[in-house]
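Novice: Let me see the structure of the following:
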Amino acid sequence: MASKVTLKAKGKATKGARPDESSTARCVKEWSTWAMKKAKVITHYGFIPLVIIIGMNSEPKPSLSQLLSPV
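Specialist: Down below sits the predicted model:
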């Protein structure tokens, strides 16, 4: 007598979803996570240089030492 073997998927199974739809959603999620991490790094390291550049291009034209001094 042969027993029937069934395989169950681990995790939450979506009923009726095609495999390509779930892989597309996973790909979009991975891409958005990657993009947000890169945007965070760019914002972190680029904010102060951007403020300095905008300050140097404003009127009256300050020197770099005037921009960086707290007074």
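Novice: Now do the helices in this protein.
Specialist: In the chain, the helices defined using DSSP state H lie at 19-56, 64-68.
Novice: Where among those is average confidence lowest?
Specialist: Mean pLDDT across the helices of the chain is lowest at helix 64-68; the value there is a mean of 82.
Novice: Spit out the contact partners of residue 42.
Specialist: By Cβ atoms under 8 Å, 6 or more residues apart in numbering, residue 42 lies in contact with nothing. Glycine gets a C-beta too; all of them are placed from N, C-alpha and C.
Novice: ah, wrong one, I meant residue 62
Specialist: 55, 56.
Novice: Spatially central residue for this structure, please.
Specialist: Centroid check for the chain by Cα atoms, centre = their mean gives residue 36 as the closest residue, at 1.2 Å.
Novice: any idea how far that residue lies from residue 42?
Specialist: Distance, residue 36 to residue 42, using Cβ to Cβ, to the nearest Å: 11 Å.
Novice: and if you look at residue 30?
Specialist: 19 Å.
Novice: Neighbours of residue 55, how many?
Specialist: 14 (other Cβ atoms under 10 Å).
Novice: what about the nearest residue to it once chain neighbours are set aside, distance to residue 61?
Specialist: In space, and not counting its chain neighbours, residue 55 is closest to residue 67: 5.0 Å by Cβ to Cβ, 6 or more residues apart in numbering. Noted for residue 67: a distance of 10 Å to residue 61, by Cβ to Cβ.
Novice: Looking only at neighbour counts, state which of the two leads.
Specialist: Set residue 67 next to residue 61 and count neighbours by other Cβ under 10 Å: residue 67 wins out with 14 against 9.
Novice: Could you verify my assumption that that one touches residue 54?
Specialist: No: between residue 67 and residue 54 there is no contact under Cβ atoms under 8 Å: 10.0 Å.
Novice: Between the two ends of stretch 61-71, how far is it?
Specialist: End-to-end distance of stretch 61-71 (Cα to Cα, to the nearest Å): 16 Å.
Novice: Only the buried residues of it, if you could.
Specialist: When burial is assessed from 16 or more other Cβ atoms under 10 Å, stretch 61-71 yields no buried residues.
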